[in-house]
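*Asks:* below are the sequence and a predicted model for it; my questions follow.
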Amino acid sequence: MATTATTLHKKPAAFAVQQLSPALGAEILGVDLRDPISDSLKQKFLDTWHEHLVILLRNQRLDEDSQVRFAETFGAPAKTTSGRAFSTKHPSVMLISNIREDGKPIGALPDGEMHFHSDQCHQEIPAKATLLYAIEVPSKGGNTLFSNAYSAYEALPEDLKARIAGRRALNAYTTDTTVRSANYDDAKSSHWHPVVRTHPATGRKALYVNRLMTREIEGLARDESDAILQRLFDHQEQPKFVYEHVWRPGDILMWDNRCTLHARTDFSSGERRLLRRVTILGEKPV
Ligand code: SIN
């Protein structure tokens, strides 16, 4: 049978899951997120998300209302913390963009590379999930990398696991929002969280430190804390733990901040990148 535009864009008849990489991630097929989500579909989403940590749906046509409604299926959206309003209707909507209008950025987190991090880890109650929807993407770069924090923890040498067991680390958000800054005296917000946290739904342990925001480990001399953190960052960013997502307009990703980290690759400031983000409030990490 000849392939036509209709057959190309036809949804699979039913919900289906395709793994994205050996590290993590799954694409969900057969769902249009503008349709209502039944309890049984919600459960399928949750099961897939807990198993694969990041879920992708392609070719979605989502306005702000439908993205917020989809997010609300999984919990209360968190108000953006940037101090700026990106939507007149939804305080939870944040634009991630390098686009400027009248010389002013229309989004948060400007151009280029971004170090690995977990959203809102500098707050007492970090985000459990982030939903990012692509509207415009550059022809090259601006990819989002995801690292599996369960696998990173499980693969640590036993002596290092023992050294960090039961300890907390300080996570601080500074004016340098995309790369690690030399100091954090001017942190806008900071919080101590366990270095290793237990996921409330799966019961699995995940390494909960990141290069962008984790600053020191409690109870260790500064030199040792710096050395251990450097080892942990290098360890968790190894390609074997990472899936790199190359965006297409219409993609929506939902990732679990409790067991993944994410980063962004560089891209040309001469090309437009515009994504819409909503986060869902989580729980105090334990
Ligand atoms: C984010 O860290 O929430 C944004 C990631 C991206 O722009 O790819």
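*Replies:* Yep, it's here.

*Asks:* which residue does the stretch 151-286 of the chain bring closest to the ligand?
*Replies:* Going by CB to the nearest ligand atom, the ligand is nearest to R264 of the stretch 151-286 of the chain, at 4.1 Å. Quick note: C-beta positions are derived from backbone N, CA and C, even for glycine.

*Asks:* the ligand contacts on the stretch 1-150 of the chain?
*Replies:* For the stretch 1-150 of the chain, the residues in contact with the ligand (CB under 6 Å from any ligand atom) are 96, 109, 114, 119, 130, 144.

*Asks:* now these in JSON lines, with secondary structure and pLDDT?
*Replies:* As requested, these are exported to JSON lines (DSSP: H, G, I helix; E, B strand; the rest coil; pLDDT from 0 to 100):
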{"residue": "I96", "secondary structure": "strand", "pLDDT": "94"}
{"residue": "L109", "secondary structure": "coil", "pLDDT": "71"}
{"residue": "M114", "secondary structure": "strand", "pLDDT": "94"}
{"residue": "D119", "secondary structure": "coil", "pLDDT": "95"}
{"residue": "T130", "secondary structure": "strand", "pLDDT": "98"}
{"residue": "T144", "secondary structure": "strand", "pLDDT": "98"}
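
*Asks:* out of those residues, which comes closest to the ligand?
*Replies:* So of these, ranked by how close each gets to the ligand (CB to the nearest ligand atom), first place is T144, at 3.7 Å.

*Asks:* shouldn't the closest one be in contact with W247?
*Replies:* Yes. With contact defined as CB atoms under 8 Å, T144 counts as touching W247 (7.2 Å).

*Asks:* picking that back up, any idea how far the residue of the stretch 151-286 of the chain closest to the ligand is from W247?
*Replies:* According to CB to CB, to the nearest Å, R264 stands 10 Å off from W247.

*Asks:* shared neighbours of the two, anything?
*Replies:* Residues within reach of R264 and of W247 at once, by CB atoms under 8 Å, 6 or more residues apart in numbering, are 142-144.

*Asks:* neighbours around the nearest residue to V286 once chain neighbours are set aside, how many?
*Replies:* Closest residue in space to V286, ignoring its immediate chain neighbours: T198 at 6.1 Å, by CB to CB, 6 or more residues apart in numbering. Neighbour count for T198, taken as other CB atoms under 10 Å: 15.
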